[in-house]
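*Asks:* build me a model:
(chains A and B)
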Amino acid sequence: MTRPIRGRLALTAVVLTGAGLLVYGGLRDTLTYYRTPAEITTDQEARHTRTRLGGEVVPGSVRRDGGQTLFRLAADGHEITVRQRGVPPETFREGQGAVVEGLLGPDGVFRSDQVVVRHGNEYRPAGRESPPGAAG
Amino acid sequence: MTSHVGTWSLGAGLAASVAATLLWLRLALATGASVRHARLATGASLLAAAVSCGTLEWALLRHDFGVRFVADNGGRHVPLYYTITSLWSSLDGSLLLWLLILAGYAGLLCRVVPAGGQRLHRYAMSVVSAVTVFFFALTYFAANPFHPVHPVPADGPGPNPLLQQHPAMGLHPPLLYAGYVGLVVPFAYAVAGLLAGRAGGAWLAAARNWTVPAWAMLTAGITLGAWWSYAVLGWGGYWAWDPVENASLLPWLTATAFLHAALPGRRVAETGWRVSLACASFLLVLVGTFLTRSGVVASVHAFTESTLGPILLGFILLVTAGVVVLIGWRGGPRDSLPLPASLLSRPIALIGNRILLTSIAGVVLIGTVFPLLAQATTGVRAAVGPAYFNRSALPLAIAALALMGLATLLGPGARRPGDLARRVAIPVGVALATVAVTGLLSRPGPMALAAFGCAALALAGTARKLLDELRPTRSHWARRLRHRRRALGGLLAHAGIAIIAAGVAASSAYTVSAERELSVGQSIDVRGASARLVALDRSRSGTDMTVRARLALAPRGRSDGEAAAPQLRYYPQREATVSVPDIRSGPLHDTYTTLVATSADGSSATIRLAVNPMVGTIWAGGALTAAGGLLALRRAPRRRRPVAGTARSRGTAPPPAPPAATAVRKGSA
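*Replies:* Residues are numbered from 1 along each chain as shown, chains lettered A, B, ... in the order given. Purely as a prediction, here's the structure:
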């Protein structure tokens, strides 16, 4: 009986190690951290990792620059300029909360390639919106 | 009035299911008592669940805004179909549907007693009834949709606009729930086997027979969900490794592993694995419900605000602890790995299948709950994106696919090496040829290339096995088909999975997309297609507004083409904007256009154009897999060996829904 049991333990150990390595390797640089504008400007490490930046879109700050959209996100009294590739989706509004994903550039401008839109059957829009096209 | 009827029926259901639990438990512990009362109690709880569902549906149809759920989710402007489906468009109502399905399973299970497993059946009924008690209590105390509203509003906002876009809404949630809840029966039989103390094969046959239909419905539900996501959410994909999606995949993985571990004809003591997989499947259903229904995914702190979260979490912990203690106490002799005659034999392949499927489930589960654990323990908010799952779960899935292809070719014992090589030669050749051809013609990337190869291997292996099954013998092929339904269903399911894999690999490797802001008259190009903005139309119906971008689609370089009209719909009552994509499906690829945004002056619009190859094969593969499950549902009505002591002769008509192969229908015992 000892041989099968020992074999089983060895197999279990191999499987667990393999799965552990896969999980570790998978999580290593795919994690995206949520940060506020204050955190991302003070944390040096934040400049090198992909971040989800959350805050309120400062009213009046949204403007278009070629194929990009510039706006400011504010939270807890700190503001940061975001340069968004492409046009943000219709669910994005001035004065509303928004979460963007990307990297902080060396010039202190956050380069976002994605406005995070939640999908799933429990979708709840962040807040009041105006009709499509009726407001900036 | 409606409120009272609803609340009252929930209370009655709670009482009836408590009675049912106690009565079935008494029957299990002391034989001799009459089974009639227990059946009556089970029937009463089913009736109560049906009445509460019916009452809520009636209130929705009558626009009875005095009921809280209707005030929150009903609306006079909502079309009839979506009024009916709004029963499950929100948490409280979907719990009612869940309850109805659960009570329905209890009602079915109570009619189907496995041959020689009466005591087992009674324990199983006690377990299912106990779960019913929990869900009745949860609905009654924490999520009662029938609370009256004062003052009664004149109209409601209607269900979430996203859930009013696609007719699949009427089918997807009920199918998915039927699949989820159906896994309660194998769980109940596993626990019953442990409680009854004879962890033999009796519980296994019953559990397997009930898992097959649940698994088939879960497969269909997941496929429909992916289709819904593709057709409604407008982001161009069908699977985002969202917690909601992972929640449906996790029990599917363990249920699949259970079905393989419980394949008939194996006499090896593998009770531990089988019991664990059967229990894990249902526990993962509960975990999924907790993750998606308590708001815990949005924030760890949100779930304590809902009453539902802590109750569900407590129940999960309680059940897990109970199962672990039971397995430790009654798990029987430790499994002993049979020393295999050959490493290349089916038993070894099946062990590999189990290890791979549970590993995938583990990896996906960790990725899903990691953000919650990280936030709960360190306070750091982090998101685990698709990159994690693609990197960790996909290699395992490809390995499982390869194993699936090889395992069908292996025999139960050792084969002579020459014989094995001859059987494997053609499928492996097909696989290598597929890899060579796709690799030379395009650059799909190593992961997609491996997936193509393994899918080809699995398809060729399945085809080979299918030819073996259908090879002309003395018996007529139709009779053979009847006798070998289970095996054929399994093969069909395997083929479906391989086809899904090919579709997923192709669509993730070859999808091309572009997004641009267009003025009227301008066009956007990707490889293989172009779209020209013809006009932007605005329309209004009631309070809802719609912007429609009229596009002229053309295969690149040609001027003739179809018209497409992706839309943005705005629902002021829900303060929601829904982007409805336009999908032109062809045999090889879909042309997928989305209206992302429109400019303030209405002169330009941002359009996303994508060509998604072979997405259609994913739906076809899902349908084939589910059909395979249905084919394997019940053994052929004619058997070579009549089972002693059956009551089969009692009715000539086959029993309606119960998927019981070894079960017989009994009158009152």
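*Asks:* run through the strands of the chain in chain order.
*Replies:* If you meant another chain, say so; for now it's chain A. Assigned by DSSP state E, chain A shows strands spanning A:31-35, A:51-57, A:63-65, A:68-75, A:78-85, A:97-104, A:110-115.
*Asks:* you looked at the wrong chain, it should be chain B
*Replies:* B:112-114, B:382-384, B:512-519, B:523-526, B:529-541, B:544-554, B:563-564, B:567-571, B:576-580, B:582-585, B:589-598, B:604-613, B:663-665.
*Asks:* before we move on, the earlier item: need the strands of chain A in CSV (columns: mean pLDDT and distance to chain B).
*Replies:* Any C-beta I mention is one placed from the backbone N, CA and C, and that applies to glycine too. Converted to CSV, the strands of chain A look like this (pLDDT from 0 to 100; distance: least, C-beta to the nearest C-beta, whole Å):
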stretch, mean pLDDT, distance to chain B
strand A:31-35, 82, 4
strand A:51-57, 83, 6
strand A:63-65, 78, 9
strand A:68-75, 84, 10
strand A:78-85, 86, 9
strand A:97-104, 83, 8
strand A:110-115, 83, 10
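*Asks:* with mean neighbour count added, can I get those strands in TSV?
*Replies:* Compiled in TSV, those are given as follows (neighbours: other C-beta atoms under 10 Å in any protein chain shown):
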stretch	mean neighbour count
strand A:31-35	20
strand A:51-57	21
strand A:63-65	11
strand A:68-75	18
strand A:78-85	19
strand A:97-104	20
strand A:110-115	19
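*Asks:* now stretch A:76-83, how far from the centre of its chain.
*Replies:* In terms of C-alpha atoms, centre = their mean, to the nearest Å, the centre of stretch A:76-83 is set 15 Å apart from its chain centre.
*Asks:* just the CA atoms of stretch B:620-633, as CSV, please.
*Replies:* Only the C-alpha atoms of stretch B:620-633 are listed here, as CSV (Å, rounded to 0.1, in the frame of the first residue of the first chain):
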residue,chain,number,x,y,z
ALA,B,620,-22.7,25.5,-33.1
GLY,B,621,-20.2,23.7,-30.9
GLY,B,622,-22.1,24.7,-27.7
ALA,B,623,-25.3,23.4,-29.2
LEU,B,624,-23.6,20.2,-30.3
THR,B,625,-22.2,19.7,-26.8
ALA,B,626,-25.5,20.2,-25.1
ALA,B,627,-27.2,17.9,-27.7
GLY,B,628,-24.6,15.2,-26.8
GLY,B,629,-25.6,15.6,-23.2
LEU,B,630,-29.3,15.2,-24.1
LEU,B,631,-28.5,12.1,-26.2
ALA,B,632,-26.7,10.5,-23.2
LEU,B,633,-29.7,11.4,-21.0
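*Asks:* okay, buried residues for that stretch please.
*Replies:* By neighbour count with 16 or more other C-beta atoms under 10 Å in any protein chain shown, stretch B:620-633 contains the buried residues B:621-633.
*Asks:* stretch B:348-362 now?
*Replies:* By 16+ other C-beta under 10 Å, the buried positions in stretch B:348-362 come out as B:348-362.
*Asks:* any part of that stretch near chain A?
*Replies:* Yes. Contact of stretch B:348-362 with chain A (C-beta under 8 Å from any C-beta of the partner chain) involves B:Ile355, B:Ser359, B:Gly362.
*Asks:* picking that back up, looking at the buried residues of stretch B:348-362, which are in helices?
*Replies:* Using DSSP state H, the members of those that fall within helices are B:348-362.
*Asks:* give me the pLDDT for residue 129.
*Replies:* By default, I'm working from chain A. At A:Glu129, the model reports a pLDDT of 27.
*Asks:* look at chain B instead
*Replies:* As predicted, B:Ser129 sits at a pLDDT of 97.
*Asks:* what distance do you get for it to chain A?
*Replies:* The span separating B:Ser129 from chain A equals 29 Å under the rule C-beta to the nearest C-beta, to the nearest Å.
*Asks:* check the gap between that residue and B:Leu46 for me.
*Replies:* Using C-beta to C-beta, to the nearest Å, B:Ser129 is found at 11 Å from B:Leu46.
*Asks:* what touches both of those two?
*Replies:* B:Ala106 (C-beta atoms under 8 Å, 6 or more residues apart in numbering or on different chains).
*Asks:* of those two, which one has the most company?
*Replies:* B:Ser129 (29 against 25; other C-beta atoms under 10 Å in any protein chain shown).
*Asks:* hmm, the more buried one is touching B:Ser17, no?
*Replies:* Yes. Counting by C-beta atoms under 8 Å, B:Ser129 touches B:Ser17, with 5.6 Å between them.
*Asks:* quick check: neighbours shared by those two?
*Replies:* In contact with both B:Ser129 and B:Ser17: B:Ala41, B:Ser45, using C-beta under 8 Å, 6+ apart.
*Asks:* let's have the strands of chain B in CSV, adding distance to A:Thr12 and mean pLDDT.
*Replies:* Below are these laid out as CSV (distance: least, C-beta to C-beta, whole Å; pLDDT from 0 to 100):
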stretch, distance to A:Thr12, mean pLDDT
strand B:112-114, 33, 88
strand B:382-384, 26, 84
strand B:512-519, 44, 88
strand B:523-526, 48, 90
strand B:529-541, 51, 89
strand B:544-554, 55, 89
strand B:563-564, 54, 90
strand B:567-571, 53, 86
strand B:576-580, 48, 82
strand B:582-585, 46, 91
strand B:589-598, 44, 89
strand B:604-613, 41, 91
strand B:663-665, 35, 38
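*Asks:* including distance to B:Cys279 and mean neighbour count, could the ones you listed go into TSV?
*Replies:* Output for those, formatted as TSV (distance: least, C-beta to C-beta, whole Å; neighbours: other C-beta atoms under 10 Å in any protein chain shown):
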stretch	distance to B:Cys279	mean neighbour count
strand B:112-114	19	22
strand B:382-384	26	20
strand B:512-519	43	16
strand B:523-526	48	18
strand B:529-541	49	17
strand B:544-554	47	20
strand B:563-564	49	16
strand B:567-571	43	23
strand B:576-580	40	23
strand B:582-585	40	18
strand B:589-598	40	24
strand B:604-613	39	23
strand B:663-665	21	20
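*Asks:* can stretch B:160-167 be said to contact chain A?
*Replies:* Yes. Interface with chain A: stretch B:160-167 contributes B:Asn160, B:Leu162, B:Leu163 (C-beta under 8 Å from any C-beta).
*Asks:* check what pLDDT the second one gets.
*Replies:* In this model, B:Leu162 is scored at 82, pLDDT.
*Asks:* quick one: contacts for A:Ser112?
*Replies:* Listed by C-beta under 8 Å, 6+ apart, the contact partners of A:Ser112 are A:Leu53, A:Val82, A:Arg83, A:Gln84, A:Arg85, A:Val100, A:Glu101, A:Gly102.
*Asks:* show me what it is bridged to.
*Replies:* Beta-bridge partners for A:Ser112, by DSSP bridges, are A:Gln84, A:Gly102.
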